[in-house]
Each structure stands twice: as structure tokens, then as C-alpha cells.
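**Student:** Give me coordinates for this.
(2 chains)
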Amino acid sequence: MENYIIEMNNIRKEFPGVVANDDVTLKLKKGEIHALLGENGAGKSTLMSILFGLYIPDKGEIRKNGEVVNIKNPNDANDLGIGMVHQHFKLVEVFTVLENIILGAEPTNLGFLTTKETRQKVIELSEKFNLKVDIDAKIEDISVGMQQRVEILKMLYRENEILIFDEPTAVLTPQEIDELMKIMRVLIKEGKSILFISHKLNEIMAVSDTVTVLRKGKGIGTVNVKNTNVNQLSEMMVGRKIKGVEKGKSKVSDEIILEVKNLVIPSKLHKNNAVNNVSFDVKAGEILCIAGIEGNGQSELVYGLTGLEKITSGQVNLLGNDITHKSIRERNLTGMSHIPEDRHKFGLVLDFKLKYNLTLKKYFQEGFQNHGFINEEMIKNHANRLIKTYDIRSGRGANTIARSMSGGNQQKAIIAREIDCDSMLLVAVQPTRGLDVGAIENIHKTLVEERNKNKAVLLISLELEEVLDISDRILVMYNGRIVAELDPDKTTYQEIGLYMVGAKIQDKYKVVEAENNV
Amino acid sequence: MFDFKFLKKSTSTEQKGEKDKEYAFLSAVLSIIVGLLVAVLLLFVLEFAAAESDFSKPLLGIQKYFTYTFTSSTTFTKIFYNAAPLMLTGLAVGFAFKAGLFNIGATGQYTFGAFFAIVAAILWQAPWWAALLLSIVAGALWGVIPGLFKAFFNINEVITSIMLNWAGLYLANLLFYNLPQMHTVLPNRSDSLRSVNPKAILPDFGLNQIFNTSYINIGIIIAILVAILIYIVLEKTVFGYEIKACGSNRNASLYAGIKTKSTIIYTMLISGGLAGLAGGVVYLAGTVEFTVQSNLLAMGFNGIPVALLAYSNPLSIIATSIFIGFLESSGSGLQGLYSYEMTSVILSVIIYFSAFALIVGHFIKKTLKRKRDKESILEEENLIVDQNDNEIKQSEDEQLDEKGVVK
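**Tutor:** I've put the predicted structure just below:
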């Protein structure tokens, strides 16, 4: 009989239309990093929410140190020493780091805040665990990585010993991920136990001791990381063997689909331009990838191309038409599809049914509407066709409210809608962000298929692996400028990395810069 | 009294939806009853404080409150007379809600619509339908201004429309003073339509004479038709789709190529037009005259609870406005027993509690679910118990048999 700090035995949780957890058992040893692996919608987050007291399980029991405990709400969980870092941080943007850490457990004297001792305690904690934070900075001013460290400090401040990390790396840059892994190891050394939700296999292999795999709400098994490998894990997770996408040879034609000339776009964050004199073409039959570290102007570049933001100067031609000052709808109709970076903010009307989301770019076309009246029959059929073709899973089919769908299926819906527009140019911004291996494989396949249909794909990605895997040509963006054009077959991670951090600039782009300065 | 059939009709065929609507109906009824109880309680407490306590008075009051509307054709028709403008202002507010806008300026648009309806009727001797049309145009114009500010400068529509409420009120007063032809009898009151221009009064098809009242007119029919029209626009048309998309997620609408700015402008134009029409319907009934006001008219604000109670659903707004119209009409039943202020208090208590319908609905749902869960568990247990009983009985029987055999 081994000593488990937390046992979740035979947990079952049902939501209307779905069994999120079906007889799942998870056992966490003291002082280990235990990874919870599974595709989107496999029930990982539900299981952790149960442990954290956000949901009450329908069946099953939770034991701490062998004793059955009843966790009804997050306060109970906190009392038991269970803390959680959510995928989307729960921080007050306008408060300082310190204020956020003590929020909910404020030390007071006669109703007045007494932060002096707390400050000392937080500083000690951050030094002990090597968590670098700027204690008086406001949350809105610090990087995502530091925000995450604040969340970790929050748990440590509350003296939690079981730490749950819900997809902690989804929002981090490669450097920040390395940093986080180091922190996790320090935490273990100090006697904490960690539950780590992820679908990134290499991270799990790198940092965790044990892995429990979930698939479609069922526990598939628990394995020791030392005795397994990436292939076995991915097979357990997806239920079939995962092959890399066969990119094949591209038949790049000379036909220029998108032509960008000297584009300048202002920044909303600072006074400088977010995009500074950028020029490039995308040709039919190629996947052009723009790589770079987040915040180097990629988002603004896309906003400018798709018409979401006004540009200062420059020209954008799509299929030979000048679309620089055209409306968003005109751009779409000319031949531009757009998979947006933020699927909740731009991609979906979350409170609409799936069928209306699938027609978001077509509802106004003849057939979907007659004389201004919506043709429900047509919308339903269209939705059902896309649901079938792209395997979009949801509780109530076309009538599901988009908000209630899993992230992966929401993304599938967006991709289905955009590909179905049959545009010559597809702008895909981080289309695989936050998705699992199976879903990523499908999306990559779809992008390659589009290319093979002689369409142009402009991919904006932060994941180097993705960039090297599927692109035909790479542009690296740094500080609002393009600094390199690379061939994915002839370059390496290291080389791209150097361009990404601005340590190197290709000669031809230096010239452009010099001209600019004059 | 209030017709909830509309609520049912608007439901989808899905079972779950049906059930939710049932809860909504149940919670609405329950909230109203609770509101009434609280109102009675209030009356009793007041009676305690009174010099000569008479505890039959509150009961008499409540009894009168409900029977009063059925005592004469005037009081009964007044329900619909009250409901028509409430319905239209409710639609004005609800329609804007759907686009994510809070049109708190309905009262200004209502005042403006009312004023121009009267101007058309008295000054220009226009027939009733032309005066109504002008009231729509006037309300729409007053409503579109906050819409323009919102669309082009992203100024919060609540701020601009509150300011325009007062601006509209004083502008109407100012114009009124400067048009002496409109008030030849009294300085502060417009001339009666009956004497100046009877053809501007909304038609009643002679029903007023038959029922010996003056509160019947086609206002309620116009309001119901408009509600159905708004329902069709919102649920069946491309324009309605765009409005709801904008209201739900403005960024995604922008991304989809919807012209969000013009959607905001059109929404406020229509919302203002509806509030203006409400003003026209009231002042062209021939029962009230336009008077110089020193305060914002309550009718515009009353549209807010009407819309909220109906979750902004145009068809439900028909029901909620008739309900509130009924409460307002029965309020007069307390005259003589209680002061005007007291009837207003009772009215607001009931409306206030109706607004809790959402919370109450949630509560009912939870309790019913828990009960059902318990029942199913109990049933399972009972089954087990029954089985055990049977087994025990059987074994007892067997034993008896054995004993019998032994005997």
C-alpha cells in the first residue's frame, strides 16, 4: 500500500448530454509531478475542477492522506491545501502583484490593511522558490509569465501543498516554459505535490514523474514516465497512431495572391509603429509562415491585412485588387478567409447556436436569405454538412450554444466555416493554440490540403515546431519588421531563434532599415 | 388576465426549452404572489401605526385591487389603454437591449414623439395616422443622436441619452410656449383634440359609445402588431441576426464583416421611433392634453421593467405590458381608501418582486431537481426494500410451510 496524498476514486460527472468523467481514478503521490494527459474534451479540466471544489461529482470519492474528504467549494479545497492555477489567470488587472497575492486572505488590523509583514513573507517565498516577480507592479503591466508566477505565489502564500496547474504552458513563450519547468522542480524539492494538466507530450516527458491518460472521459491508464515514450502516450491519448503531416512537395506557382507593400500600422500599446514598413508576397500553392515571439507586430499585421484595424500607410493587394481601404466584408468576398487568433473575442458569437456561427460569413448571401428573411432550413442543412465533414462534436448538434462547446470543437467550427468560404487566401493565426495532438494533426492536414488546392496560406505561429513542420517559406518578424526569409528545409531551430530575438538580421532587410532611417 | 400563451408560442420544440419556459411561467406567477403578500403585509404594518387601527381595511383594499378593474367598462378598457404605450416603450428598450445598448433615453424620445404628434394634430390639422407617423419620426430623430455618438465616437449611450432626456423635455416646453396657436384656452395645456381636430383622435370604431367609455382606441392593436413585427425582424431577418450578433459580441460581428456602426445607428433609430410612437398613442387618444412638464415623464422609464420582465422578448413584452397595465388600472381602485402614493408603492412592490422572477425561477428549478433526484433514489431504495420484504416474506412463508410441515 503506497502513500497517496490525494486519491480520486471512481469519479463520475455528467453534464447535460455528455459524460465528462466516467469512472476515473487518479492517485497522486506526495512529492511527485503527476501529469494529466488527454485531448480537449477528454475531461481533464472537469476532473481537476472537481478536486478544486468547482463541481460536485455525481459518484466517487476523494481521499486526502487516506481519509475521505468532502470538497463542496474552492474554500474547502483551500482548507485542505489544494491550490489551482487556472489556464486563464484569475487576477485583478488594476491591482498590484502584492494586492493580488493577499486578495481573499488580507491581513488586517482594526479593519486596516497591514501589508508590511505580508510583503516580507511574499518576498521570502519568491526568493525561496526562485519566483521572480515585481511586487509593486500592476498586473496589467507585467508579462504573462510573471502573471503566472503571481498565481503560483498566491498558492504558496496560502500554504497549499497540492498544486494544480491547468495547461500552464499554453500562454507562455519557449523561454518562459523552461523557466516554469525549473520552478516546478523547485516546488517538488520543497515538498509540494503537483498535478499538471497538459496535452503537450514533450513537456510531460520533460518534467513529470507519472502520467494519467484520459480519453473521452474515461481513464485509460497511469504510467511511469520513465517507462514510456511520446509515441505510446500519444497513442493512449488519441486512441490511434499519430503520424506527422506529410507535407509533400509544394507546387508554388508564380501567381501572387497577396501582395503587401510598405505596410505601416500604429501600435495601441506604445507610440512606435507595431508594424514598420513590411513588404512580402504570398503565392498560390504555398504556406508562408510568419514566425516570431509574441508581441512583435504579428497580431497588428493581421488586423491590418484583414481590415480589423486601420493602417497608416502602405498597400495591400489581394488577387490583383487593391484592398487597402476596403471593408472587411469586401475583403472576405474578394477571397480572404481568416482564422483569428482569439477565437472567443473574434471567431465566435459565443451565445449564438453553432448553426448561426457556421453561417457568420454567409448569412447575407442569396439562398441563406431571401428578401432579407433568414432561410432557417438552408442554415440548418449547411451547418449539418459542415458538422459532418469536419467532425465538429457537440452536445446538441447544430443547436448547441457555441459557449458550451470544448475549445477544440470551437476551433473546428471556425476552421470549417473559413475553409468552406473557398477563398484563395487563408490567413491562419495560431490555429492550433491550446489544442491537442490529434486536433493539431487535423488542422495541419487541412492547411496542407488547402495549399495543395493551389490556394495561398498565410500562417502566423509562435510554435517553432509547427513553423518548421508545415511551412514552405518562413519570414521572421522582430520588433515590427521582417528580419529574415528562410527555407524550412535548410534552417534550424537555433537559427530561427537568433532572428526571433533580434540577434541577427539578414542583409537584404538591413538595407530596408537603412533606407527608412534616411 | 395577462396572456402567457405568447410565451409558450415562442418556445422551441425542444423539450428542455419547454421546461425552462414552464419554470419561467411558474416563477413569474410565484413572484407576483409574493409581491402581493408583501404589499398586504405593508398595509397591515401601516394600519398598526395608524391612530385608529382598522384591520379590515387592508383586506378590503386588496379585494378592491382585484375586483375594481372588472367593475366598469372604463376601468377594464383602461388596462389596454395603459398597456399600449407601455408595450411600445418596452419594445423600444428591449429592442436596444438586443443590440447591447441601454436606451435609457426612451422618456425623452417619448416626450418628443408626443409633442410632435400634438403639433401635427393641432397646428397642421393632420389626420391621426399622419400625426402618429410624425411622432415616430420625431422619436427616431431624438433616439438616433445617442446612436451616432456611440457609433462614431464610442460615447456611452446611457450618458448621452440621459442628457437628451432633459434637452428633449425643455425643447418641447420651449417650442410649446412659442406656439400660442396650440394653447388658446389655458397657457400650460394644449387645446383639447375633441374641439380642435377630432379626426386626429385615434379611431375606436364607435366602441367607446357602445361601452360608454373613452379609453378604447386602436392604440393597443397598433402596439401588438408592432410587437409582432419587431419579433419577426429580430428572429427571422438578416437585420435581426446582425443586431443580435452585435449585441452579443461586437468584435466577432466586426470580424464577420457586419457594419457594426450602422447597426448601432439603425437600432437606436428604431428604438427611438418606438418610444416616439408610444407618445403619439397616448396623446392622440383624446383623453389627455399635452402640458408643460417640469419633470421627466415616467412612461418612458416604465418601459425598462416591462422589457426586463420579458427578457426583451417582443412577444413576452405584450404579456408583461398588459400585466403592468392591469396593475396600474386597478391602482385607482384603492382611491378613497389609500392615498395615490400608497397605490404607487403597492404597484412598485409587485413589479419589484416580479423582477425577482429570474432568481425565483432558478430556485424552483433547483428544488424540483433535488426533489426528483431524491425521489429517484428513494424509489431505488424502495425497490430494494420491497425486494427485501418479499424475500423476507417468502422465507417466512417457507418457514411457516416448514413449520406447517413439521406440524
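**Student:** so what's the closest residue to chain A within the stretch 151-300 of chain B closest to, chain neighbours aside?
**Tutor:** Going by C-beta to the nearest C-beta, chain A is nearest to residue B:257 of the stretch 151-300 of chain B, at 3.1 Å. Just so you know, the C-beta spots here come from the backbone N, C-alpha and C atoms, and that holds for glycine as well. For residue B:257, ignoring the flanking residues on the chain, the nearest one in space by C-beta to C-beta, 6 or more residues apart in numbering or on different chains is residue A:329 at 3.1 Å.
**Student:** contacting residues around the one you found?
**Tutor:** B:257-259 (C-beta atoms under 8 Å, 6 or more residues apart in numbering or on different chains).
**Student:** Most neighbours among the residues you listed, which one is it?
**Tutor:** Highest neighbour count within those, by other C-beta atoms under 10 Å in any protein chain shown: residue B:258, with 24 neighbours.
**Student:** Report the contact partners of it.
**Tutor:** A:329, B:242, B:245-246 are the contacts of residue B:258 under C-beta under 8 Å, 6+ apart.
**Student:** And the residues you listed, which is closest to residue B:145?
**Tutor:** Residue B:145 has its nearest neighbour among the contacts of residue B:258 in residue B:246, at 18.9 Å by C-beta to C-beta.
**Student:** Just say helix, strand or coil for that closest one.
**Tutor:** helix (DSSP: H, G, I helix; E, B strand; the rest coil).
**Student:** Was I right to think it contacts residue B:96?
**Tutor:** No. Taking contacts as C-beta atoms under 8 Å, residue B:246 lies outside contact range of residue B:96: 11.2 Å.
**Student:** Between these two, which contacts overlap?
**Tutor:** residue B:267.
**Student:** okay, the two: which has more neighbours?
**Tutor:** Between residue B:246 and residue B:96, residue B:96 has the larger neighbour count (other C-beta under 10 Å), namely 32 against 24.
**Student:** mind listing what that one touches?
**Tutor:** B:102-103, B:267-268, B:271.
**Student:** Tell me the residue of chain A that sits nearest chain B?
**Tutor:** With C-beta to the nearest C-beta as the measure, residue A:329 is the residue of chain A nearest to chain B, at 3.1 Å.
**Student:** quick one: what helix or strand has that residue in it?
**Tutor:** Per DSSP states H and E: residue A:329 is located in helix A:328-335.
**Student:** burial count for the residue of the stretch 51-200 of chain B found nearest chain A?
**Tutor:** As assessed by C-beta to the nearest C-beta, chain A sits closest to residue B:100 within the stretch 51-200 of chain B, at 10.9 Å. Neighbour count for residue B:100, taken as other C-beta under 10 Å: 20.
**Student:** Look at residue A:484 and say how many residues are nearby.
**Tutor:** 22.
**Student:** can you confirm residue A:19 is in a strand?
**Tutor:** Yes. Per three-state DSSP, residue A:19 lies within a strand segment.
**Student:** mind checking pLDDT for it?
**Tutor:** Note on residue A:19: pLDDT of 81.
**Student:** what bridges to it?
**Tutor:** Following DSSP bridges, residue A:19 is listed with bridge partners residue A:14.
**Student:** ok, now the one 5 residues further on?
**Tutor:** For residue A:24, the beta-bridge partners under DSSP bridges are residue A:11.
**Student:** quick one: pLDDT of it?
**Tutor:** pLDDT, read off for residue A:24, is 91.
**Student:** again, but for residue B:389
**Tutor:** What the model reports for residue B:389 is a pLDDT of 45.
**Student:** what does residue B:100 give?
**Tutor:** 91.
**Student:** contacting residues for it?
**Tutor:** Contacts of residue B:100 (C-beta under 8 Å, 6+ apart): B:246-248, B:250.
**Student:** Report the entries of those that also contact chain A.
**Tutor:** residue B:248 (C-beta under 8 Å from any C-beta of the partner chain).
**Student:** what's in contact with stretch B:200-215?
**Tutor:** So stretch B:200-215 is contacted by B:72-74, B:77-78, B:80-81, B:120-122, B:125-128, B:131-132, B:193-194, B:216-219, B:281, B:284-287 (C-beta under 8 Å, 6+ apart).
**Student:** Would you pull up how far that stretch lies from the middle of the chain?
**Tutor:** 25 Å (C-alpha atoms, centre = their mean, to the nearest Å).
**Student:** Please point out which parts of it sit buried.
**Tutor:** Neighbour-count burial for stretch B:200-215, counted by 16 or more other C-beta atoms under 10 Å in any protein chain shown, picks out B:200-202, B:204, B:208, B:211, B:213-215.
**Student:** Give me the below-cutoff pLDDT ranges for the chain.
**Tutor:** Using chain A. For chain A, the stretches with pLDDT under 70 are A:1-2, A:17, A:40, A:170-171, A:173-174, A:241-247, A:249-250, A:434, A:511-518.
**Student:** ah, I was thinking of chain B
**Tutor:** Filtered on pLDDT under 70, chain B yields the residue ranges B:1-24, B:51, B:355-362, B:364-365, B:369-407.
**Student:** what does it put close to chain A?
**Tutor:** Contact residues (C-beta under 8 Å from any C-beta) of chain B with chain A: B:14, B:16, B:236-241, B:244-245, B:248-249, B:251-259.
**Student:** Which of the residues you listed fall within helices?
**Tutor:** Using DSSP state H, the members of these that fall within helices are B:16, B:236, B:238-241, B:244-245, B:248, B:251-255.
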